[in-house]
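# predicted model and sequence below, questions to follow.
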Amino acid sequence: MNSIITYLLLYIYHLHKQISNLLLFIAQYIPLKQWAYDDTHSPKYMKLVLDRMPKIVKFEKQDYRFLIEVYKHKYNKSVKPIKRRNGKSVPTDVSCPRCGAPHDYLYDNNGGKGQYLCSVCNQKFNIHNRASTPTVFKCPHCDHTLSHIKTRGEFYIHKCINERCSYYAKNFKKLPKDLPDDERYKYKLHYLFRESTKDFFKMNLHELPDFFTNFNFKKYSSYQIGLCLTYRVNLKLSLRQTSQALRDIHDIHMSHTMVANYANTVSNIIKPFVDNYDYMPSTSLAADETYIKVKGLKGYVWFIMDAVS
């Protein structure tokens with residue numbers, strides 16, 4: 001027993017010595033800082049950084065008379081009209097777009113340039129843009145309102161254009177010192193938010209495509225369609241090879257276009273059953289991963305097998 005313990009202690013000491021030598025080798029010959037910089041600060045990786053969610057401010061209509069009563073009940077004093085001592089007046093036709101407060105309760109917020117501040121609900125607005133947007137997104141780092149800069153097919157891109165934002169300043173410091181000014185666009189400096197325009201609750205996950213073939217008016221019998229799918233799927237024949245096999249072997253004249261339509265339609269019909277089928281797997285699973293290129297794009301495929309069933 002003592003000999004086994006002595007052997008294990010010597011073996012642990014030997015492993016500790018080997019690990020120490022490897023760490024010393026890495027520290028001397030492998031530039032870890034350079035690797036970390038290339039991986040985490042490269043333009044290719046910075047675009048994949050997941051940002052925090054923005055602050056979402058919903059624009060809700062209020063009644064300034066109700067807000068004044070609430071303020072009076074809470075603080076035992078009322079919101080009085082503004083006494084203007086600097087000569088800056090607000091046009092009589094201007095009112096707060098949020099609570100409807102008249103011009104008597106509005107401040108000239110930027111020296112006659114068109115921005116006003118409501119003393120009742122603290123809403124800032126511009127005479128040309130009445131700030132009636134239902135939802136406003138604000139930067140989580142500097143609380144600056146995000147600007148809508150681009151429109152894509154499925155989403156809007158909002159950007160924080162505040163150059164004093166802490167997020168922008170932090171990313172700006174990470175730029176290489178010898179980077180030309182015309183190369184900065186490759187790096188993600190400003191805070192970005194993508195607002196999805198897709199209503200996921202109204203999506204039909206098993207929607208049939210445009211090339212769907214209606215089997216109620218099919219030209220061929222179910223047996224002939226079964227032969228078509230057998231040659232196409234089980235024997236892995238191409239569209240034209242399947243069409244030729246049906247014609248030469250069974251005297252069934254089916255074009256390669258019809259073969260493609262039947263195969264695509266059947267695959268979309270059985271997809272919900274395959275996706276939702278309960279295989280009742282055991283706890284012993286074996287999996288392997290590979291990739292396949294489709295139209296030049298690499299896609300990953302997983303093969304998972306139940307070792308029991």
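Now that the structure is in, tell me what you want to look at.

# and the residue nearest the centre of this structure?
Geometric centre of the chain, nearest residue: residue 194, 6.8 Å, by C-alpha atoms, centre = their mean.

# which residues touch that residue?
Contacts for residue 194 (C-beta atoms under 8 Å, 6 or more residues apart in numbering) come out as 155-158. Heads up, the C-betas are built off the backbone N, CA and C, glycines and all.

# so what's it bridging to?
Beta-bridge partners recorded for residue 194 (DSSP bridges): residue 157.

# count the residues that sit near residue 228.
Residue neighbour count, defined by other C-beta atoms under 10 Å, stands at 24 for residue 228.

# contacts only, for it.
Per C-beta under 8 Å, 6+ apart, neighbours of residue 228: 220, 242, 246, 252, 254, 259, 262-263.

# picking up where we left off before, same list (the contacts of residue 194) but as TSV, adding distance to residue 118.
Formatted as TSV, those follow (distance: C-beta to C-beta, whole Å):
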residue	distance to residue 118
155	32
156	28
157	30
158	25
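
# can I get those in CSV including pLDDT and distance to residue 51?
CSV is the format used below for the contacts of residue 194 (pLDDT from 0 to 100; distance: C-beta to C-beta, whole Å):
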residue, pLDDT, distance to residue 51
155, 86, 14
156, 88, 15
157, 90, 12
158, 91, 11
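
# quick check on the contacts of residue 228: which are buried?
220, 242, 246, 252, 254, 259, 262-263 (16 or more other C-beta atoms under 10 Å).

# how is this protein carved up into domains?
Under the assignment automatic domain parsing, the domains of the chain span 59-135, 139-201, 215-275.

# which of those domains sits closest to residue 6?
Across those, residue 6 has its closest neighbour in domain 139-201 (52.7 Å, C-beta to C-beta).

# strands along the stretch 151-300 of the chain, start to end?
Under the criterion DSSP state E, counting those that start in this stretch, the stretch 151-300 of the chain carries strands at the ranges 155-159, 192-196, 285-294, 297-306.

# would you list these in JSON lines and tack on distance to residue 100?
Supplementary listing: the strands of the stretch 151-300 of the chain in JSON lines, determined by distance: least, C-beta to C-beta, whole Å:
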{"stretch": "strand 155-159", "distance to residue 100": "28"}
{"stretch": "strand 192-196", "distance to residue 100": "28"}
{"stretch": "strand 285-294", "distance to residue 100": "58"}
{"stretch": "strand 297-306", "distance to residue 100": "55"}
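
# of these, which is nearest residue 79?
Taking C-beta to C-beta, strand 155-159 is the member of the strands of the stretch 151-300 of the chain nearest to residue 79, at 33.5 Å.

# can you give me the buried ones in that closest one?
156, 158.

# distance to residue 45 for the domains of the chain - can I get that in JSON lines?
Below are the domains of the chain laid out as JSON lines (distance: least, C-beta to C-beta, whole Å):
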{"stretch": "domain 59-135", "distance to residue 45": "31"}
{"stretch": "domain 139-201", "distance to residue 45": "9"}
{"stretch": "domain 215-275", "distance to residue 45": "33"}
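
# where does the stretch 151-300 of the chain dip in pLDDT?
199-218 (pLDDT under 70).

# show me where it has its helices.
Using DSSP state H, counting those that start in this stretch, the helices found in the stretch 151-300 of the chain span residues 166-173, 222-229, 239-250, 256-275.

# now the longest one against helix 222-229, angle please.
This means helix 256-275. Counting by axes from the mean of the first three to the mean of the last three C-alpha atoms, to 10 degrees, helix 256-275 lies at 90 degrees to helix 222-229.

# helices or strands up against helix 256-275?
Judged by 3 or more C-beta pairs under 8 Å, 6 or more residues apart in numbering; DSSP states H and E, helix 256-275 is in contact with helix 222-229, helix 239-250.

# out of these, nearest to residue 169?
Nearest to residue 169 among the helices and strands packed on helix 256-275 is helix 239-250 (58.0 Å), distances taken as C-beta to C-beta.

# what count of nearby residues applies to the nearest residue to residue 255 once chain neighbours are set aside?
Beyond its immediate neighbours in the sequence, the residue positioned closest to residue 255 (C-beta to C-beta, 6 or more residues apart in numbering) is residue 243, lying 6.1 Å away. Residue 243 has 23 neighbouring residues, counting by other C-beta under 10 Å.

# please verify my assumption that residue 243 contacts residue 256.
Yes. Counting by C-beta atoms under 8 Å, residue 243 touches residue 256, with 4.4 Å between them.

# OK, contacts around residue 240?
Counting by C-beta under 8 Å, 6+ apart, the residues that residue 240 touches are residue 256.

# and with 10 Å instead?
Going by C-beta atoms under 10 Å, 6 or more residues apart in numbering, residue 240 touches 255-256, 259.

# and the helices in the stretch 1-150 of the chain?
2-29, 32-40, 43-46, 64-75.
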